[in-house]
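1. All I have is the shape, not the residue letters:
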């Protein structure tokens, strides 16, 4: 009986560890965490998305999802710049990424829209989620739809924050 209790205890610890939400590392060769995002990635530049590297991806990850959000935007709930899901969980999201499924940002467009704060310095969160599934979502999905679909599938997450202030 004691052996069975020990075995069950070990099983529960292993399962809790396997399904707990861990931390991903999210980095960019273009800017440091809480550093300035180069103009190239903004409305004043090429509006290309920056390259990202995602580390510590759990082996159980079937896909990654990415939400780029500006909580400082002068509108209720901030401004979402980019929604991407079903990204291959290899760890690298290249600059000007056009792959995977890209939803509708708060500008009403599919894909990435560059930083363009009306005034002051804004903070841009590049939130990456490792998911235990591929998501079956329509390409016209918005942030709320994506977050609801991810809800029970997040096995790890990470955040890279960059800042931007318009030069003009």
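-> Arrived safely, thanks for sending. In this text the structure is predicted, and so the values were computed from the model without any measurement. Numbers count the residues shown, from 1 in each chain.

2. what's near enough to touch residue 96?
-> Residues near residue 96 by Cβ atoms under 8 Å, 6 or more residues apart in numbering: 46, 48-49, 112. In this view, the C-beta of every residue, glycine as well, is placed from N, C-alpha and C.

3. Could you give the number of residues near residue 88?
-> The number of residues packed near residue 88 is 13, by other Cβ atoms under 10 Å.

4. what about it, distance to residue 97?
-> 11 Å (Cβ to Cβ, to the nearest Å).

5. about what we covered before: pipe the contacts of residue 96 into a markdown table and attach secondary structure per row.
-> Output for those, formatted as a markdown table (DSSP: H, G, I helix; E, B strand; the rest coil):
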| residue | secondary structure |
| --- | --- |
| 46 | coil |
| 48 | coil |
| 49 | coil |
| 112 | coil |
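
6. Start from the N-terminal end of this structure and give the strands.
-> For the chain, the strands defined by DSSP state E occupy 22-23, 25-27, 35-36, 52-55, 63-70, 79-87, 92-93, 101-102, 122-131, 154-164.

7. The nearest residue to residue 83 once chain neighbours are set aside and residue 93: what is the separation?
-> With Cβ to Cβ, 6 or more residues apart in numbering as the measure, residue 103 is the residue that lies nearest to residue 83, at 3.6 Å, once sequence neighbours are left out. Going from residue 103 to residue 93 by Cβ to Cβ gives 15 Å.

8. Repeat that for residue 111.
-> 13 Å.

9. More neighbours: these two, which one.
-> Higher neighbour count among residue 111 and residue 93: residue 93, with 23 against 18, using other Cβ under 10 Å.

10. pretty sure the more buried one is touching residue 65, no?
-> No - shown here, residue 93 and residue 65 do not form a contact pair, counting by Cβ atoms under 8 Å, at 11.0 Å.

11. okay, and the common contacts of these two?
-> 84, 87.

12. dump the residue contacts of the closest residue to residue 139 other than its chain neighbours.
-> Spatial nearest neighbour of residue 139, chain neighbours left out: residue 101 (6.2 Å); criterion: Cβ to Cβ, 6+ apart. Under the criterion of Cβ under 8 Å, 6+ apart, the neighbours of residue 101 are 84-86, 135, 137, 139.

13. Can I get the strands of the chain in TSV including mean pLDDT?
-> Converted to TSV, the strands of the chain look like this (pLDDT from 0 to 100):
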stretch	mean pLDDT
strand 22-23	82
strand 25-27	98
strand 35-36	98
strand 52-55	98
strand 63-70	98
strand 79-87	98
strand 92-93	97
strand 101-102	98
strand 122-131	98
strand 154-164	98
